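Asks: Here's my sequence, what's the structure:
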Amino acid sequence: MRSELHSFFWLQRLLTVVAGASLLIPVAPAQQQQQQQQQQQSPPQSAPPKVNPQQSPPPPPPNNAQAGKNTIRAYTDLVQIDTTVTDKDGKPIKGLKRENFEVYEDDKTQKVDAVDYFDVEAIETAKKDESTPTVVSLQQANNPETLRPIVREHRMMILYFDMSSLQPEDLIRATDAAKKFVHEQMSPADLVGIVSFGSTLRVNVDFTNDRDDLLKAIASLIPGKDSQLAGLASASAAAGDDSVTEDNGAAFTADDTEFNIFNTDLKLAAVESLCNMLGSIPGKKAVLQFTGGITQTGEENRSQLQASTNAANRNNVSLYSVDARGLLAETPGGDASTGMATGTSSFSGAAVFQQVQSRQESRDTLATLAEDTGGKAFFDQGDFGKIFREVEDENTGYYLLNYYSTNVKRDGRYRRVRVKLVNVPGGHVKFREGYYAPKDWGIYSTEDREKQLDDAMASTTPLVELPIALQTAEFRMPNGQVFVPISAKLASSALQWAEKRGSREAQFDFLAEVTDSTSKRVASSLRDTMTVRLDTERFQQVQQQAMVYQGGFLLSPGKYHLKFLARENASGRVGTFEQDLLLPPPTPNRLSLSTVMLSNQIVQVQKTAEVQRKALGVDARMKDSPLELNGERIVPNVTGVFTGQQTLYVFFQAYLPANSDPANLRAGLVFFQGGKQSNTTAMVEPTEVNAKTRTASFRISIPLDKLPLGSYTVQAVAIVAGSTQAAFGRSYFAVRKPPAAPAAAPSGPSGSEQ
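Replies: Model prediction:
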């Protein structure tokens, strides 16, 4: 079901995707060897690995020079468990040492390395402080050591309002309780933050003890369009149950199963983001989540539920789920906002049973979140004030136990933790009962892999585990749109080939998303999975050469932001690349040029069994790609580095105004080095002219052994003889010394899949 959801989701966003995606092998050997030399001179930095649940990050993977050799890996996983110890009267017991604790992980004894006590009672019982309010930012990068003295004696609480699930009356009930808490129950030791989630996660106010700021933030939470989502999040009947259909007068109703799954994942993803946001703040954090329930959809949200729980445990966050619907008497069959059930369900009792079951199912995920993060779920509560008092009591003082897990398996399984008191008569202990172990890429499920891609696309931090270089260009289309080809190069050192039945295989996922810079909406998306299979002879030819992925978009003129992602599926390494796109509208009655594209490789446009492509969604194929000319395709030189042994191909298009004669159009190249003109070419006729679209294509080739080594600017100059029409375009490249012993070029053109 989740894979169907992702297909559905991408299909909805796949507005104007050009499906001319291909994976080309190889890039010219001399160019690849030059690129390898550059990488050796300035090796790419490794992306910070994901921090495992409450643990130190694993060591980086071995470099490619060591790939294929037997390696010994040692992992030391630091686990932190926040633990509350109280006496028989519920008061915290202070002054305990590590000798007073025994920790068991899956019933195996763990050595307690350190114990740290966070005391809230000291300030809570002190005289009220009227000095400058304390503020701790949730959104800015925090230094944990700087914050530790501040949070050590404060109770950190987040009031989290899920606006997408709260009906207006539920939201009013929740905000009234929050205002009462701030007015009457909040103590000097409390630092409270307000966070809300509608369509996006929003920090309304940072951690603070300023009551005025908190009350203003709570008052700003009013029912709006976000609350309309609450009416859509009804749980469907479980398999085997009586189906209950609401009579709403519509001839056809859409199946909202996909929406429910996506909506549930979105709510859980917001919880995960909030927990990660709190990660840089030391100590225990309590999140009171006011919600109208999370739709129960079976196993489809298991991966996201685990990720949210994992984020909470990793960042010492306890979730207290509060069903804001409170203690209410259900109207049989639903209130006036619900249509009458059809069929016999209203007479057999199935409608009422389904109504009760739906409410209970919407609480299952909340209960799981609370239980697995050391918190508590509150259902059917008429007085929310009791909830605040209970959360305060549980977070008055706690110990942070540190130990290094003896279990070195990275299997992603849930590890149950148990804490036992030693020589503490009458002591009662409450602790976080477990965490999810880190997981190696090789045992990722399909859901895990999909989530990794989703997280990488949503991340604001660039990922460089997989080094990639990317280039875009702009070509005008007759309908006023702009074709933006993207070319991504993967270095040979980044590829991992699996040996299968006498052949070598590598698989890659490519994702790209273009966002409108003004509306922040996704304008276009693409996703391709490429599988490359090579026989032994072919593999020997290309194993040390780079691959180039080619795809593209059709966009209207405007300002955009492009994010491109590539994942090598043997190791799970991910690389991302981002850049802004400015696509100006065409200038009427003026000659203009496309991007001046540079290449040293021309390939035949043909299919090959070596490369197989699988795309999600319906493809919008271009009949004629600007990069294809006379049955050949130009492969852009992404890095802009050439050697003297290569031929430089310069490709661009000219767009003629209506009053110009294509027969009079000529173009040439001017080369500049160090700001001075060094070489020029003759003015030549177009290679091809489309009289209908008034588009002229030029492809000019220059042997690079005629140019001295160094960096160059190449300027394309196009003129219409006998008129004042002229246009210019520029590009940049460098000519380097050829390698001492160049590798033999592989026979035949590189494979591609169109």
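Asks: List of residues touching stretch 716-726?
Replies: Outside stretch 716-726, the residues within contact range by C-beta atoms under 8 Å, 6 or more residues apart in numbering are 590-591, 593, 596, 650, 652, 654, 656-657, 660-661, 664-670, 683, 698, 727-731. Yep, even glycine has a C-beta here, placed from its N, CA and C like the rest.
Asks: can you rerun that using 10 Å?
Replies: Outside of stretch 716-726, the residues that reach it under the criterion C-beta atoms under 10 Å, 6 or more residues apart in numbering are 589-596, 650-657, 659-670, 680-681, 683, 686, 696, 698, 700, 727-731.
Asks: can I assume residue 391 sits in a strand?
Replies: No - assessed by DSSP: H, G, I helix; E, B strand; the rest coil, residue 391 does not belong to a strand; its assignment is helix.
Asks: residues in contact with it?
Replies: 155, 157, 181, 286-288, 318, 320, 322, 375-376, 378 are the contacts of residue 391 under C-beta under 10 Å, 6+ apart.
Asks: run the last query once more with 7 Å
Replies: 286, 288, 320 (C-beta atoms under 7 Å, 6 or more residues apart in numbering).
Asks: Could you do residue 322 as well?
Replies: 288-290, 378, 384, 387.
Asks: From residue 309, how far off is it?
Replies: Per C-beta to C-beta, to the nearest Å, residue 322 is found 18 Å from residue 309.
Asks: do residue 572 as well
Replies: 21 Å.
Asks: If you rank the contacts of residue 391 by neighbours, which is first?
Replies: Neighbour tally across those (other C-beta atoms under 10 Å): the maximum, 27 neighbours, falls on residue 320.
Asks: Check that one and give its pLDDT.
Replies: Note on residue 320: pLDDT of 92.
Asks: Surely it is in contact with residue 288?
Replies: Yes - if you go by C-beta atoms under 7 Å, residue 320 and residue 288 touch, sitting 4.9 Å apart.
Asks: Filter the contacts of residue 391 down to just the ones in strands.
Replies: The members of the contacts of residue 391 that map onto strands under DSSP state E are 286, 288, 320.
Asks: and of those residues, the nearest to residue 463?
Replies: Distance to residue 463, by C-beta to C-beta, is smallest for residue 286 among these, at 31.8 Å.
Asks: Tell me what that closest one is bridged to.
Replies: Going by DSSP bridges, residue 286 is paired in beta bridges with residue 157, residue 318.
Asks: Would you mind confirming that it is in contact with residue 392?
Replies: No - with contact defined as C-beta under 7 Å, residue 286 does not count as touching residue 392 (8.7 Å).
Asks: what's near enough to touch residue 631?
Replies: Per C-beta under 7 Å, 6+ apart, neighbours of residue 631: 604-605.
Asks: still on that earlier bit, please check the contacts of stretch 716-726 and keep the buried ones.
Replies: Buried members of these, scored by 16 or more other C-beta atoms under 10 Å, are 591-596, 650-657, 660, 662, 665-670, 681, 686, 696, 698, 700, 727, 729, 731.
Asks: Quickly list the domain ranges of the protein.
Replies: As assigned by automatic domain parsing, the chain contains the domains 2-46+444-736, 139-241+255-333+344-395.
Asks: now, of those domains, which is deepest in the fold?
Replies: Greatest average neighbour count among the domains of the chain goes to domain 139-241+255-333+344-395 (a mean of 19), per mean count of other C-beta atoms under 10 Å.
Asks: What is the end-to-end distance of that domain?
Replies: Domain 139-241+255-333+344-395 has an end-to-end distance of 23 Å (C-alpha to C-alpha, to the nearest Å).
Asks: And the next helix or strand past the helix or strand harbouring residue 714?
Replies: Using DSSP states H and E, residue 714 sits within strand 710-720. Later in the chain than strand 710-720, the nearest helix or strand by DSSP H and E is strand 726-736.
Asks: Within the sheet, what are the partner strands of that following strand, with directions?
Replies: For strand 726-736, pairing defined by DSSP bridges yields strand 641-643 (parallel), strand 710-720 (antiparallel).
Asks: which stretch in these has the least confidence?
Replies: strand 641-643 (a mean of 91).
Asks: Against residue 106, how distant is residue 506?
Replies: According to C-beta to C-beta, residue 506 stands 37 Å off from residue 106.
Asks: got a list of what residue 190 touches?
Replies: Residue 190 touches 155, 157, 209, counting by C-beta under 7 Å, 6+ apart.
Asks: right, and residue 567 touches residue 576 too?
Replies: No - counting by C-beta under 7 Å, residue 567 sits too far from residue 576 to count as a contact (9.7 Å).
Asks: shared neighbours of those two, which are they?
Replies: Common neighbours of residue 567 and residue 576 (C-beta under 7 Å, 6+ apart) do not exist.
Asks: and residue 413, how many neighbours does it have?
Replies: Count around residue 413 with other C-beta under 10 Å applied: 14.
Asks: Over to it: give its phi and psi.
Replies: phi -80, psi 160 (degrees, to the nearest 10).
Asks: Could you report the pLDDT at it?
Replies: Looking at residue 413, its pLDDT reads 81.
Asks: Excluding chain neighbours, what is closest to it?
Replies: Nearest residue to residue 413, sequence neighbours excluded (C-beta to C-beta, 6 or more residues apart in numbering): residue 437, at 5.4 Å.
Asks: what's the spacing between the one you found and residue 285?
Replies: 22 Å.
Asks: what do you get for residue 650?
Replies: 58 Å.
Asks: and what of residue 412?
Replies: Applying C-beta to C-beta, the value for residue 412 to residue 285 is 25 Å.
Asks: for residue 133, what are its contacts?
Replies: 208-210.
Asks: nearest to residue 454, of those residues?
Replies: Each of the contacts of residue 133 was scored against residue 454 by C-beta to C-beta, and residue 208 proved nearest at 32.5 Å.
Asks: check contacts around the closest one.
Replies: 133-135, 191-192, 214.
Asks: As JSON lines, those with secondary structure, pLDDT and distance to residue 466 would be great.
Replies: Shown next, in JSON lines, are the contacts of residue 208 (DSSP: H, G, I helix; E, B strand; the rest coil; pLDDT from 0 to 100; distance: C-beta to C-beta, whole Å):
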{"residue": "133", "secondary structure": "coil", "pLDDT": "79", "distance to residue 466": "46"}
{"residue": "134", "secondary structure": "coil", "pLDDT": "83", "distance to residue 466": "43"}
{"residue": "135", "secondary structure": "strand", "pLDDT": "86", "distance to residue 466": "40"}
{"residue": "191", "secondary structure": "strand", "pLDDT": "91", "distance to residue 466": "40"}
{"residue": "192", "secondary structure": "strand", "pLDDT": "93", "distance to residue 466": "42"}
{"residue": "214", "secondary structure": "helix", "pLDDT": "93", "distance to residue 466": "44"}
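Asks: And the furthest pair within the residues you listed?
Replies: The span of those, defined through C-beta to C-beta, is set by 134 and 214 at 12.4 Å.
Asks: Which helix or strand contains residue 454?
Replies: Element membership for residue 454, per DSSP H and E: helix 446-458.
Asks: Many thanks, have a good one.
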